[in-house]
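**Q** take a look and give me a structure for this.
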Amino acid sequence: MEFKQQEGVTLAEVAKAAGVGESTVSRVLRNHGSFTTKTRDRVLAAVQHLGYVPNRIAGTLASAGSRLVAFVIPSLSNIVFTDVLRGASATLEDHGYQAVFAVTDYDPEKEEALVASMLAWRPTAVMLAGYEHADGTVKMLRAAKCRVVEVLDIDGVALDLAVGFSNHAAGRESANFMLQRGYRRIGYVGHDLNRDTRASKRFASFCETLGAGGAPLADRQIHPGPSSVENGRIGLEQLLARTPDVDAVYFSNDDMALGGYFHCLSHGIMVPDDLAILGYNGLDIGRATPQRLSTLLTPRVTIGQVAAQLVVDDAPSQVIDLGFELIEGETA
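**A** Numbering: from 1, shown residues only. Okay, here's the model as predicted:
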């Protein structure tokens, strides 16, 4: 089934489901005019059941809405998402589309609210990170008359279009790399795995692969908040205080890995002789450190470009795997 053929839920359908007239639905949604509490409850229940989102663009503004592409992303402090935006924006602008964005802070409930706000402007497409969304978000996206593009993951079932790579495969590749290098006391330092589902997938496959290779994870240090250089430094310090005999540490991303690397520099820990470090994402700064960071390079800008081109072309529903590249570097 091609997602693009689905029609948006109309005001008339909401009215039919609620057993009232369209004007009554309009009054309830605008909270203006006369209606009973019972009628309001029936209308709101129908809205929730159908995933209806009011159209905020009327008359002559409707054509403007058709040129909008909405990005609902977890963070702007993480360069991963700004790279995707950069790639997509250039392609969209070349074809006369306008990109708008909102930030969820990795909060599924906030993502749901922001998706509702974006859909109210009837965009051509909505782009989101990953496959994991609240049920209400999925219902609205399925009911909307627009394309949906999920980026940075292909481990799951796409709603419509998906462009990225397998995070499970990235976790396995990282573990195999460390095992092949001879490391056997391997630790992990990461950020909130409950909110960052892509990091969680990598971590799960990393641990599974280590166990299968006869070297189960020695210890882990999970920071409850977002990733950052500082949290990576603190996380490694805490892990080494508890488990000083680890010979390698896998970090949830390059931000965290750089913090760990700086901790080693300031405490006389020789990298990789005393401790090996492996990151994830392949950020530019990892090539500028005294020792080039060992990491996995993800094609973030290309993901944005390809995702935008699929929207411009109104392509059939599909999943595109752009893969990743292991950068051996000098830290592992």
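
**Q** how about residues contacting stretch 312-323?
**A** 1-4, 91-92, 95, 97, 147, 154, 158, 160-166, 299, 302-303, 306, 309-310 (C-beta atoms under 8 Å, 6 or more residues apart in numbering). Any C-beta I mention is one placed from the backbone N, CA and C, and that applies to glycine too.

**Q** got a ChimeraX select line for the buried ones in those residues?
**A** Buried subset of the contacts of stretch 312-323, written as a ChimeraX selection, criterion 16 or more other C-beta atoms under 10 Å:
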select :3,4,91,92,97,147,154,158,160,161,162,163,164,165,166,299,303,306,309,310
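
**Q** what is the strand or helix carrying Ser23 packed up against?
**A** In this structure, Ser23 is located in helix 22-30 according to DSSP states H and E. Where contact means 3 or more C-beta pairs under 8 Å, 6 or more residues apart in numbering; DSSP states H and E, helix 22-30 is packed against helix 11-18, helix 37-50.

**Q** for that helix, the distance to its chain's centre please.
**A** 35 Å (C-alpha atoms, centre = their mean, to the nearest Å).

**Q** what segments of the chain are helices?
**A** 11-18, 22-30, 37-50, 62-65, 79-94, 108-119, 135-143, 167-180, 197-212, 229-242, 254-266, 300-313 (DSSP state H).

**Q** about what we covered before: dump the helices and strands packed on helix 22-30 to CSV, plus mean pLDDT and mean neighbour count.
**A** Output for these, formatted as CSV (pLDDT from 0 to 100; neighbours: other C-beta atoms under 10 Å):
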stretch, mean pLDDT, mean neighbour count
helix 11-18, 90, 18
helix 37-50, 91, 15
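
**Q** mind checking how far Asp313 is from Phe165?
**A** 21 Å (C-beta to C-beta, to the nearest Å).

**Q** then Ser227?
**A** On the measure of C-beta to C-beta, Ser227 and Phe165 end up 19 Å apart.

**Q** one more: Asp192?
**A** Counting by C-beta to C-beta - Asp192 and Phe165 are separated by 21 Å.

**Q** and for Gly156?
**A** From Gly156 to Phe165 the distance is 13 Å (C-beta to C-beta).

**Q** for stretch 41-51, which outside residues touch it?
**A** 9, 13-14, 17-20, 24-25, 28-29, 35, 52, 136, 139-144.

**Q** from the residues you listed, which would you call buried?
**A** 9, 13-14, 17-18, 20, 24-25, 28-29, 35, 52, 136, 139-141, 143-144.

**Q** next, the angle helix 11-18 makes with the helix holding Ser23.
**A** 90 degrees (axes from the mean of the first three to the mean of the last three C-alpha atoms, to 10 degrees).

**Q** in stretch 105-124, what's buried?
**A** Result for stretch 105-124 [16+ other C-beta under 10 Å]: buried residues 106, 108, 110-116, 118-119, 121-124.

**Q** what's the end-to-end length of it?
**A** Separation of the first and last residues of stretch 105-124 by C-alpha to C-alpha, to the nearest Å is 24 Å.

**Q** swap in stretch 150-163?
**A** 7 Å.

**Q** per the record, what domains does the chain have?
**A** Per automatic domain parsing, the structural domains of the chain span 1-52, 61-165+300-323, 167-297.
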